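# Build me a structure from this.
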Amino acid sequence: MTFKNEKGIHTDFKERMTYGDYLDLDSILNAQHRLSGHHDEMLFIVIHQVSELWLKLTIHEIQAASEAIQSGNFDSAFKKLARVSKIQNQIIQAWDVLATMTPAEYLEFRDYLGQASGFQSYQYRMVEFALGYKTPHVLKIYEKDPELHAMLKEAYEAPGLYDVAIEALAKSGFDINQEVLERDYTKTYEANESVEAAWIEVYQNVEKYWDLYELAEKLVDIEDWMQQWRFRHMKTVERIIGHKTGTGGSSGVGYLKKVLDHYFFPELWNVRTKL
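Numbers count the residues shown, from 1 in each chain. A predicted model of the protein is given here:
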């Protein structure tokens, strides 16, 4: 059996492919380059690299779930969204590992990071875009990399997961305002009364609208985990550097506290009060 990988290299999968070859472990395990030589810098690098891998899978699953919702394949979408929630739990646990590093230990190598900052994570921005949180200043961060900027711009202008969920409401016969269905996807989503009314009816008629009800709960799961991730991020940063300015000039804890107040799917939370 011959296997052709993404690099276009033909490999005899049965006779020659090894575990390390398949996972490209040489590249992965040799990608940790400590600049300071300090012991805890390895922890810092590995935690962030692992988180980026989880983010890559998160984007992969959300994009596939969105396509499944658009095609009416809800069961497939539910499986993928449930997987996203499990991934989010793993990323949250990573903060607990990073929090074992003390302020004194971080200071031993912080200056070596230069302008590098977690705020520059383009994959995290891709997740935010996929969940409908769009901020124009974000794209400017990546203007120096035309290829990356183009990819982010495409995601920035595309409908998010919640947009396709609202489209599903409309396809099921709910009277959704046309301005919502034709909205500018480059703007952060804001709550709409017609969407809220539709979700209320879904929750009041669970058996009739089971797929939509299940979709709503999967979205709530994702937002719940996202907020827990943001909270753990904020507390870990506060624990290690307090309220100092972050690397790269980011506002650090102040910004992280601010985004805790943002809701990706506001109507799904308002429904809880109004039922």
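# Every contact and neighbour count from this point should use C-alpha atoms.
Will do.
# If we ignore the residues flanking it in sequence, what's nearest Pro136?
Spatial nearest neighbour of Pro136, chain neighbours left out: Thr186 (8.0 Å); criterion: Cα to Cα, 6 or more residues apart in numbering.
# which SS state does the one you found fall under?
coil (DSSP: H, G, I helix; E, B strand; the rest coil).
# okay, now it: neighbour count?
19 (other Cα atoms under 10 Å).
# do Gly173 as well
9.
# and the gap between it and Glu167?
Remark: distance between Gly173 and Glu167 (Cα to Cα, to the nearest Å) = 10 Å.
# sorry, back to before: who touches the residue nearest to Pro136 in this structure?
134, 136, 156-158 (Cα atoms under 8 Å, 6 or more residues apart in numbering).
# export those to a markdown table and tack on neighbour count, pLDDT and secondary structure?
A markdown table is the format used below for these (neighbours: other Cα atoms under 10 Å; pLDDT from 0 to 100; DSSP: H, G, I helix; E, B strand; the rest coil):
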| residue | neighbour count | pLDDT | secondary structure |
| --- | --- | --- | --- |
| Lys134 | 22 | 92 | coil |
| Pro136 | 12 | 81 | coil |
| Tyr156 | 25 | 96 | helix |
| Glu157 | 14 | 97 | helix |
| Ala158 | 16 | 97 | coil |
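# From these, pick the one nearest Pro146.
Tyr156 (14.7 Å; Cα to Cα).
# Go ahead and confirm that closest one touches Ala150.
No. At 9.6 Å, Tyr156 does not count as touching Ala150 under the criterion of Cα atoms under 8 Å.
# And the helices in the stretch 51-200 of the chain?
Remark: helices assigned in the stretch 51-200 of the chain by DSSP state H, counting those that start in this stretch are 74-98, 103-107, 122-130, 137-140, 146-157, 161-171, 178-181, 193-204.
# thinking again about what came up before, return the member of the contacts of Thr186 nearest to Val271.
For the contacts of Thr186, the nearest to Val271 is Lys134 (23.5 Å; Cα to Cα).
# how much space between the residue lying closest to that closest one once chain neighbours are set aside and Gly160?
Leaving aside its sequence neighbours, Lys134 sits nearest to Thr188 (Cα to Cα, 6+ apart; 4.7 Å). For Thr188, the distance to Gly160 (Cα to Cα) stands at 10 Å.
# Which of the two has more residues huddled nearby?
Gly160 (25 against 16).
# so who does the more buried one touch?
By Cα under 8 Å, 6+ apart, the contact set of Gly160 is 66, 129-132, 185.
# Can you say which of these are buried?
By neighbour count, with 16 or more other Cα atoms under 10 Å, the contacts of Gly160 hold 66, 129-132, 185 as buried.
# can I get the residues you listed in CSV with pLDDT and distance to Leu275?
Output for the buried ones among the contacts of Gly160, formatted as CSV (pLDDT from 0 to 100; distance: Cα to Cα, whole Å):
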residue, pLDDT, distance to Leu275
Ser66, 98, 27
Phe129, 96, 29
Ala130, 97, 28
Leu131, 96, 25
Gly132, 94, 25
Tyr185, 97, 29
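# contacting residues around Asn177?
Neighbours of Asn177 in contact, by Cα under 8 Å, 6+ apart: 194-195.
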